[in-house]
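# could you work out the structure for the sequence below:
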Amino acid sequence: MKKILIILFIIPFLNGCSGTGSKSMPNTSVSNSSASTLYFARKGGYVGGGVLAIIKVNGREIAKLGTNEFIQHTINGSYNINVSAGGMNSLVFGKDSISGIGKKGSKHFFIIGVKTGLLQSAFEITETTENGFQQAN
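Okay, the predicted model is just below:
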């Protein structure tokens, strides 16, 4: 009976560390001529490694990225990206945002990292080049 209770207690914690992104880098050579494509990479690291980065584009959640995960998303027109922590971590983890305008056929590349401070850590989102994105792995 004790083993079952321990397993039931541990499963939510283990599940909270897995993201909805892919561990493999998306193919950035394919172009979508009718929309703009946003590519996201979450860097790995010790600080914030167990915290999922919730990515919202224009107010809609598109992914919860764990460390070393990737996602791509297509949009039409302008975009506003927000990155924040999920669950209880949102109380102690800072967030970041970035905005831009997507043109048909354009590609935008973003790397999500963790900026550490004295008492608080925060996600930071940085726009980069395609080459910089591919080196993020």
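
# residue contacts, the closest residue to Leu65 other than its chain neighbours?
Using C-beta to C-beta, 6 or more residues apart in numbering and skipping the chain neighbours, the partner closest in space to Leu65 is Arg42 (4.0 Å). Heads up, the C-betas are built off the backbone N, CA and C, glycines and all. Residues near Arg42 by C-beta atoms under 8 Å, 6 or more residues apart in numbering: 19, 21, 53, 65-70, 111-112.

# so how many other residues sit close to Thr67?
When neighbours are defined as other C-beta atoms under 10 Å, Thr67 has 21 of them.

# does it fall in a helix, a strand, or a coil region?
Recorded secondary structure, Thr67: coil (DSSP: H, G, I helix; E, B strand; the rest coil).

# isn't it right next to Lys43, touching?
Yes: Thr67 lies in contact with Lys43 (C-beta atoms under 8 Å); the separation is 7.2 Å.

# can you show me the helices along the chain?
2-15, 130-134 (DSSP state H).

# quick one: mean pLDDT for the first one?
Averaging the model's pLDDT scores along helix 2-15 yields 45.

# got it, and the shortest one?
This predicted structure assigns helix 130-134 an average pLDDT of 92.

# and it, what does it pack against?
For helix 130-134, the packing partners by 3 or more C-beta pairs under 8 Å, 6 or more residues apart in numbering; DSSP states H and E come out as strand 107-116.

# try it again with 6 Å
Of the remaining helices and strands, none touches helix 130-134 by 3 or more C-beta pairs under 6 Å, 6 or more residues apart in numbering; DSSP states H and E.
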